[in-house]
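Engineer: Quick check, what structure comes out for this input:
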Amino acid sequence: MGRKLFFIFIVILCLITIVSCSNNKEVTSEDIANIRLELKEQKEELNGILYTLRLQNKSRQIIVQNNVYLSFPIKVVNETRGNDFKIEAKNNKLNIKPGEELLLTVFTPKEMYKGNNNIDITEPDIVRDI
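Structural biologist: Sure, this is the predicted structure:
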(Lines give C-alpha, C1' and ligand atoms only; values in the text may rest on other atoms or scores of the structure.)
Protein backbone atom coordinates (compact mmCIF):
# COMPACT_ATOMS: atom_id res chain seq x y z
CA MET A 1 0.00 0.00 0.00
CA GLY A 2 2.86 2.38 0.78
CA ARG A 3 4.40 2.04 -2.70
CA LYS A 4 1.05 2.80 -4.37
CA LEU A 5 0.62 5.98 -2.33
CA PHE A 6 4.21 7.00 -3.09
CA PHE A 7 3.63 6.39 -6.84
CA ILE A 8 0.41 8.50 -6.81
CA PHE A 9 2.25 11.30 -4.97
CA ILE A 10 5.06 11.29 -7.60
CA VAL A 11 2.54 11.38 -10.49
CA ILE A 12 0.66 14.32 -8.92
CA LEU A 13 3.94 16.14 -8.27
CA CYS A 14 5.01 15.62 -11.91
CA LEU A 15 1.66 16.92 -13.19
CA ILE A 16 1.86 20.02 -11.00
CA THR A 17 5.42 20.69 -12.22
CA ILE A 18 4.42 20.30 -15.88
CA VAL A 19 1.40 22.58 -15.54
CA SER A 20 3.26 25.25 -13.59
CA CYS A 21 6.14 25.31 -16.10
CA SER A 22 3.90 25.76 -19.12
CA ASN A 23 4.93 28.59 -21.48
CA ASN A 24 1.38 29.38 -22.56
CA LYS A 25 0.63 33.01 -21.78
CA GLU A 26 -2.95 34.13 -21.59
CA VAL A 27 -3.94 36.61 -24.30
CA THR A 28 -5.21 39.86 -22.81
CA SER A 29 -7.22 42.73 -24.29
CA GLU A 30 -4.01 44.77 -24.08
CA ASP A 31 -2.29 42.24 -26.35
CA ILE A 32 -5.10 42.54 -28.89
CA ALA A 33 -4.95 46.35 -28.73
CA ASN A 34 -1.20 46.18 -29.45
CA ILE A 35 -1.74 44.52 -32.82
CA ARG A 36 -1.78 47.52 -35.14
CA LEU A 37 -3.31 47.52 -38.60
CA GLU A 38 -3.34 50.60 -40.79
CA LEU A 39 -3.91 51.64 -44.38
CA LYS A 40 -0.47 52.73 -45.57
CA GLU A 41 -1.16 53.49 -49.24
CA GLN A 42 -4.03 53.60 -51.71
CA LYS A 43 -2.86 53.64 -55.32
CA GLU A 44 -5.10 53.97 -58.39
CA GLU A 45 -3.91 51.66 -61.15
CA LEU A 46 -5.13 51.07 -64.70
CA ASN A 47 -7.30 48.07 -63.76
CA GLY A 48 -8.29 49.01 -60.22
CA ILE A 49 -7.04 50.15 -56.82
CA LEU A 50 -4.12 48.63 -54.91
CA TYR A 51 -4.26 49.06 -51.13
CA THR A 52 -1.17 48.50 -48.99
CA LEU A 53 -1.78 47.68 -45.31
CA ARG A 54 0.77 47.59 -42.49
CA LEU A 55 0.36 45.05 -39.70
CA GLN A 56 2.52 45.53 -36.60
CA ASN A 57 2.61 42.98 -33.81
CA LYS A 58 3.46 45.10 -30.77
CA SER A 59 1.97 42.53 -28.40
CA ARG A 60 3.83 39.96 -26.30
CA GLN A 61 2.20 37.10 -28.18
CA ILE A 62 2.90 35.24 -31.42
CA ILE A 63 0.01 35.65 -33.85
CA VAL A 64 -0.42 32.04 -34.89
CA GLN A 65 -3.03 32.63 -37.56
CA ASN A 66 -4.05 35.98 -38.94
CA ASN A 67 -6.68 36.91 -41.51
CA VAL A 68 -7.01 40.48 -42.73
CA TYR A 69 -9.80 41.76 -44.99
CA LEU A 70 -10.74 45.01 -46.68
CA SER A 71 -14.37 46.02 -47.05
CA PHE A 72 -16.09 49.09 -48.50
CA PRO A 73 -18.77 50.85 -46.42
CA ILE A 74 -22.18 51.27 -48.02
CA LYS A 75 -23.33 54.88 -48.32
CA VAL A 76 -26.78 55.66 -46.97
CA VAL A 77 -28.39 59.05 -46.32
CA ASN A 78 -26.02 61.11 -44.09
CA GLU A 79 -23.99 58.08 -42.97
CA THR A 80 -22.39 54.78 -43.95
CA ARG A 81 -23.01 51.25 -42.78
CA GLY A 82 -20.94 48.07 -42.80
CA ASN A 83 -20.66 45.79 -45.77
CA ASP A 84 -20.46 41.99 -45.38
CA PHE A 85 -18.59 41.68 -48.68
CA LYS A 86 -14.86 41.66 -48.02
CA ILE A 87 -11.61 40.94 -49.87
CA GLU A 88 -8.81 38.96 -48.20
CA ALA A 89 -5.37 40.58 -48.04
CA LYS A 90 -2.39 38.93 -49.75
CA ASN A 91 1.18 38.39 -48.43
CA ASN A 92 -0.11 37.17 -45.07
CA LYS A 93 1.76 34.57 -43.03
CA LEU A 94 1.50 32.38 -39.95
CA ASN A 95 3.36 32.81 -36.64
CA ILE A 96 3.95 36.56 -36.63
CA LYS A 97 6.40 37.19 -33.79
CA PRO A 98 6.27 40.08 -31.29
CA GLY A 99 7.84 43.18 -32.85
CA GLU A 100 7.38 41.86 -36.39
CA GLU A 101 5.83 43.98 -39.15
CA LEU A 102 4.15 42.86 -42.38
CA LEU A 103 3.02 44.69 -45.49
CA LEU A 104 -0.18 43.25 -46.91
CA THR A 105 -1.86 44.10 -50.20
CA VAL A 106 -5.43 44.10 -51.46
CA PHE A 107 -6.29 44.64 -55.10
CA THR A 108 -9.80 45.74 -56.09
CA PRO A 109 -10.63 45.49 -59.80
CA LYS A 110 -12.52 48.43 -61.33
CA GLU A 111 -15.48 46.19 -62.14
CA MET A 112 -16.24 45.99 -58.41
CA TYR A 113 -16.76 49.71 -57.90
CA LYS A 114 -16.94 51.51 -61.26
CA GLY A 115 -20.33 53.22 -61.62
CA ASN A 116 -21.40 52.20 -58.11
CA ASN A 117 -21.98 55.36 -56.09
CA ASN A 118 -23.33 53.36 -53.14
CA ILE A 119 -19.93 52.24 -51.82
CA ASP A 120 -17.16 54.38 -50.35
CA ILE A 121 -13.84 53.30 -51.87
CA THR A 122 -11.94 56.22 -50.31
CA GLU A 123 -12.42 55.11 -46.68
CA PRO A 124 -12.30 51.27 -46.66
CA ASP A 125 -12.83 49.28 -43.49
CA ILE A 126 -9.98 47.01 -42.44
CA VAL A 127 -11.16 43.90 -40.64
CA ARG A 128 -8.97 41.32 -38.92
CA ASP A 129 -9.74 37.85 -37.63
CA ILE A 130 -6.98 36.79 -35.28
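Engineer: Tell me who's in contact with the closest residue to R54 other than its chain neighbours.
Structural biologist: Closest residue to R54 apart from its sequence neighbours, by Cβ to Cβ, 6 or more residues apart in numbering: K40 at 4.6 Å. (Glycine included, C-beta is placed from N, CA and C.) Residues near K40 by Cβ atoms under 8 Å, 6 or more residues apart in numbering: 52-54, 103.
Engineer: Going through those residues, which ones are buried?
Structural biologist: In these, burial by neighbour count holds for 52-53, counting by 16 or more other Cβ atoms under 10 Å.
Engineer: Inside strands: which ones of the contacts of K40?
Structural biologist: 52-54, 103 (DSSP state E).
Engineer: export these to a markdown table and tack on pLDDT and distance to V77?
Structural biologist: Output for the ones in strands among the contacts of K40, formatted as a markdown table (pLDDT from 0 to 100; distance: Cβ to Cβ, whole Å):
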| residue | pLDDT | distance to V77 |
| --- | --- | --- |
| T52 | 95 | 32 |
| L53 | 94 | 30 |
| R54 | 94 | 33 |
| L103 | 95 | 37 |
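Engineer: a markdown table please, covering those residues and showing distance to P124.
Structural biologist: What follows is those, written out as a markdown table (distance: Cβ to Cβ, whole Å):
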| residue | distance to P124 |
| --- | --- |
| T52 | 12 |
| L53 | 10 |
| R54 | 14 |
| L103 | 16 |
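Engineer: between those, which is nearest E30?
Structural biologist: Distances from E30 to the ones in strands among the contacts of K40, taken as Cβ to Cβ, are shortest for R54 (20.3 Å).
Engineer: No further questions, thank you.
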